[in-house]
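>>> Structure of the sequence below:
(chains A and B, ligands or ions: 1)
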Amino acid sequence: MQGAAAMREIAVIAFAQTDHRRTTDELSEVEMLMPVLHGVLEQTGLKTADIDFTCSGSSDYLAGRAFSFTLALDGVGAWPPISESHVEMDGAWALYEAWTKLLTGDADTALVYSYGKSSPGSVRDVLTRQLDPYYVAPLWPDSVALAALQAQALIDAGDTDEPALAAVAARSRTDASANSHAQVRGSVPQGDYVVRPLRTGDCPPVGDGAAAVILAAGDRARELCERPAWIRGIDHRIEAHGLGVRELTDSPSTRLAAEKAGAFERPVDTAELHAPFTAQEVVLRKALRLGDDVRVNPSGGALAANPVMAAGLIRIGEAAARIHRGESDRALAHATSGPCLQQNLVAVLEGDPR
Amino acid sequence: MPEVLKAPLVLEFPFTRSLGPVQSAFLTGLRERVVLGVKTGDGRTLVPPVEYDPVTAEEIRDLVEVGTTGTVTTWAWNHEPRRGQPLDTPFAWVLVRLDGADTALLHALDAPGPDAVRTGMRVRVRWAEERTGAITDIACFEPYEGDGDGDEGRQPAAHSGEFEDMVTGIVAPARLDYVYSPGRAQTDYIRGLSDQRTVGERCPSCRKVYVPPRGACPTCGVATSEHVEVGPRGTVTTFCIVNIKARNLDIEVPYVYAHIALDGADLALHGRIGGIPYDQVRMGLRVEAVWSEGGRYPDHYRPTGEPDADYDVYKELL
Ligand SMILES: [Zn+2]
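I've put the predicted structure just below:
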C-alpha cells in the first residue's frame, strides 16, 4: 500500500469458526452463526454495543431467499445506533470493507462475520448463477466442471499431474487432522472422477459453516489482544469474466493483489490459501512465488472445509490465529471468489517482534 | 430434540435480459450460423465478443466474422451430465478457440469418450436445428477431421453485425431446487401452530417475548430458547386497508391487514382482520385468532367484543 506510514495500524484480534459439517438442518443461519459471534466477543471481552462497525458476507443463492442476511443480523443485536453493512461475497471482502472503515478513523473496532449453508441446495448448480448470464450460465457449467478445465490446462502445461494433485489433497486432509473444526480430516481416498481430471479428493467438501473475526485499530488492538495480527497490507483484484480470455494456468490478479499488499517485500512463513480445488493451489503457489519453506494451509485449507462465503474469511482468521498463538510472525492470507480464481484478495499479517 | 421440519423449495425465475449492440450482433449471428467476434485496441479478436476491452476497459465495437471450426484449448470429461447442460449423454466441456479468434469459447463437445478428446484437437460447431439467438444455438461442438473445408489459418473478416430482425434480448430461465429447513426455533413455532397454539420465545437477557421466534433476540444478539405460549387474544396496534386484490388470493377487498400484539408477546405479528366492517377497525381493538378447518396458521383475527385496550398498554408495541 502506498503511504503506509500515514495509515492507522489495524489488526485481527479474534477469530472463531463453527465446526463445519455436511448439514446443519437443525439450525437456521442465525442459530448457526451466534456461537461464533459470541466466541469472538468473549475472546476480546467486548460486548455488541462496543462494536463500532459490523460487516457481513453471505449469498442469497445459497439460502434460496432474498435478503437472507437480514435474518442473520438478529445474532449481532442489530439495534440502533448499530453501523452495519453487508457484501454479497465471501466474508474476506466484508473484512476488506471493515478495514477501510477503520482506516477512515470512524471506527476503532469492527465485527466481521460470514456464513454459508450449502446443504439446502446443490452448490454445484447454485454457483452457476454467478456466471456470465448471456454466454455461459445458460449452459449450466457447474463449479467442478470449470475447475476441471483449469486443472487440465495445468496438466497440459506440465505444471502438475494427477499424482501431484492427489498429494495436495492428502497433505491438506492430513494437516486438517489437527483442526477440530474441519469437515474432512485424515486419510481420505482420492476417489473416482467427478469431472475428469478432478477426482472426489481434488474437490472441496460441501458443507455448512460460519466464521467471525474482530478487527481493532492501534492501541485498542493492543489492549484487547496479547499479540495482535497486524494487517500490513490488503488488496483485491479481479480478472476478465470470460474464461477463454484468461490464462487459467496463472493468476495475475492474485500476484498483483499480493504485490499491492506488500507480500513480496519480505518472505512469509505461513500462507493460508483459499484453493477449493487441488489444482488451484498449484496456480496460487506459482502466482505468489511461495517456496517449499512456506507452511501452506496448516489448517487443511478449503479442501478440508469449504463453507461457501466463509472459507475465505476463515483463511484470514486461521492466519491471524497462528500469529496470535505465536506460531507465525508474518503470514499471507488469500481468499477467492468466482470460477477458476476469478477474484482474489491477499492480506499480509504480522505479529509484533518477539 | 424433535426433528426439524423440512420442505422442498423450488426457485424458478425467467430473467429477461436486454442485449447491447455487440451481444445482440453475436447472438443474432448464431441464429444465422455466423460467429462474430470483436476487435480489441491491440488487435486481438475476442470470441465470444464483449463490449469493453477486458484489459483497457475501452468500449469496443469492431465486429468481425470468424470460423466455425476451431481448436480445443482445454477440456474436462463430464460423465454425468446435469440438468440444463447442453447434452444429456456424457460429453467433454471444452474451451474452443475458433479459427480467426484469439480467445476461447466455453461449450460442450460431443465425443464418444475421454480417450477421443485432447487439447489441440480440431472441432467444429454443430448448430441447433431450432435457433433463436442464444448461446444454445450452438448445440455443441463435434470432432472435425479437417477434410479441407475448415477454416484453419482463417483471418477474421470485417462484419457489419447487422442482420434482419435483430435479437435484442434473451430470456434466461433459471431453476434451483432446495430442501428448506427453518431451523430449531421456527420449527417449534410451526409445530405449535399445528395444535392451534402460538408459542414465542423469551430473551434470557431483556426478557422480551418474540413471536414468531427466530432463535435470537435481535436487540441483545443472544439465543432465545424459553418457550412462552402467547394469545390467543391480542390487540390491534396499527393497521392498513388493502384495496387491491392480490392474484390467487380469495379475499374480498377492501380488507384490513393489521399488526396484532398477542397477549404476553413483546412484538406484534401481522394478520388479517375479519368479522367486522373494514372501516370500523381501530387501534386498540381486541381480537382473537380464527382457525379454518385443517388450517396450519390462523386464517384471520376477529373482534372478541371486549372493550378496547388503553393506548398505554400497547404503545411500546407499535
Ligand atoms: Zn433481548
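
>>> who in chain A is up against the ion?
The interface of chain A toward the ion, taken as Cβ under 5 Å from the ion, is empty, with no residues included. To be clear about C-beta, it is placed using only N, CA and C from the backbone, and glycine gets the same treatment.

>>> elements contacting the helix or strand of chain A with the lowest mean pLDDT?
Every helix and strand of chain A was ranked by mean pLDDT, DSSP states H and E. The lowest is helix A:69-72, at a mean of 88. Using 3 or more Cβ pairs under 8 Å, 6 or more residues apart in numbering or on different chains; DSSP states H and E as the contact definition, the elements that helix A:69-72 packs against are helix A:29-44.

>>> Convert the C-alpha atoms of the helix it packs on to CSV, please.
The C-alpha coordinates for helix A:29-44 follow below in CSV (Å, rounded to 0.1, in the frame of the first residue of the first chain):
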residue,chain,number,x,y,z
GLU,A,29,-28.5,-19.3,9.7
VAL,A,30,-28.6,-17.1,12.8
GLU,A,31,-28.6,-20.1,15.1
MET,A,32,-25.5,-21.5,13.3
LEU,A,33,-23.9,-18.1,13.4
MET,A,34,-24.5,-17.0,17.0
PRO,A,35,-21.9,-19.2,18.7
VAL,A,36,-19.1,-17.7,16.6
LEU,A,37,-20.3,-14.2,17.2
HIS,A,38,-20.3,-14.8,20.9
GLY,A,39,-16.9,-16.6,20.5
VAL,A,40,-15.1,-13.6,19.2
LEU,A,41,-16.8,-11.2,21.7
GLU,A,42,-15.7,-13.5,24.6
GLN,A,43,-12.1,-13.6,23.4
THR,A,44,-11.9,-9.9,23.5
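
>>> ok, back up a step: contacts made by the least confident helix or strand of chain A with the rest, please.
The contact list for helix A:69-72 (Cβ atoms under 8 Å, 6 or more residues apart in numbering or on different chains) reads A:28, A:29, A:30, A:33, A:56, A:58, A:60, A:86, A:115, B:214.

>>> in the next helix or strand after it, what counts as buried?
Tracing the chain past helix A:69-72, the next element assigned as helix or strand by DSSP states H and E is strand A:84-87. Burial within strand A:84-87, assessed by neighbour count using 16 or more other Cβ atoms under 10 Å in any protein chain shown, is assigned to A:86, A:87.

>>> what about the closest residue to chain A within the stretch 201-318 of chain B, how many residues close to it?
Of all residues in the stretch 201-318 of chain B, the one sitting closest to chain A is residue B:221 (3.1 Å; Cβ to the nearest Cβ). Residues lying near residue B:221 (other Cβ atoms under 10 Å in any protein chain shown) number 26.

>>> Spell out which residues sit in contact with the closest residue in space to residue B:167 that isn't next to it in sequence, please.
Closest residue to residue B:167 in three dimensions, ignoring its sequence neighbours and counting by Cβ to Cβ, 6 or more residues apart in numbering or on different chains: residue B:133, at 3.1 Å. Residue B:133 makes contacts with B:27, B:28, B:30, B:31, B:167, B:170, as judged by Cβ under 8 Å, 6+ apart.

>>> Can you pull the poorly scored residue ranges out of the chain?
All of this is about chain A. Within chain A, the ranges that satisfy pLDDT under 70 run A:1-6.

>>> oops, I was thinking of chain B
In the predicted model, chain B carries pLDDT under 70 at residues B:1-2, B:147-151.

>>> Show me which of the contacts of helix A:69-72 is closest to the ion.
For those, the closest approach to the ion (Cβ to the ion) belongs to residue B:214, at 12.3 Å.

>>> Identify the residues contacting the closest one.
Residues counted as contacts of residue B:214 (Cβ under 8 Å, 6+ apart) are A:28, A:30, A:71, A:74, B:185, B:186.

>>> Can you say which of those are buried?
Neighbour counting with 16+ other Cβ under 10 Å marks A:28, A:30, A:71, A:74, B:185, B:186 as buried within these.

>>> hang on, the last one in a strand?
Which is residue B:186. No: counting by DSSP: H, G, I helix; E, B strand; the rest coil, residue B:186 is not found in a strand; it is helix.

>>> Would you map the strands across the stretch 251-354 of chain A?
Assigned strands in the stretch 251-354 of chain A, in chain order: A:270-272, A:295-296, A:330-337, A:343-350 (criterion: DSSP state E, counting those that start in this stretch).

>>> For the ion, give me its nearest residue in the stretch 51-200 of chain A.
Here the residue of the stretch 51-200 of chain A nearest the ion is residue A:77; by Cβ to the ion that distance is 8.0 Å.

>>> How about that residue: what's its closest non-neighbour residue?
Leaving out its chain neighbours, the residue that sits closest to residue A:77 by Cβ to Cβ, 6+ apart is residue B:221, at 3.1 Å.

>>> doesn't residue A:82 make contact with the one you found?
No: Residue B:221 is beyond contact range of residue A:82, at 9.8 Å (criterion: Cβ atoms under 8 Å).
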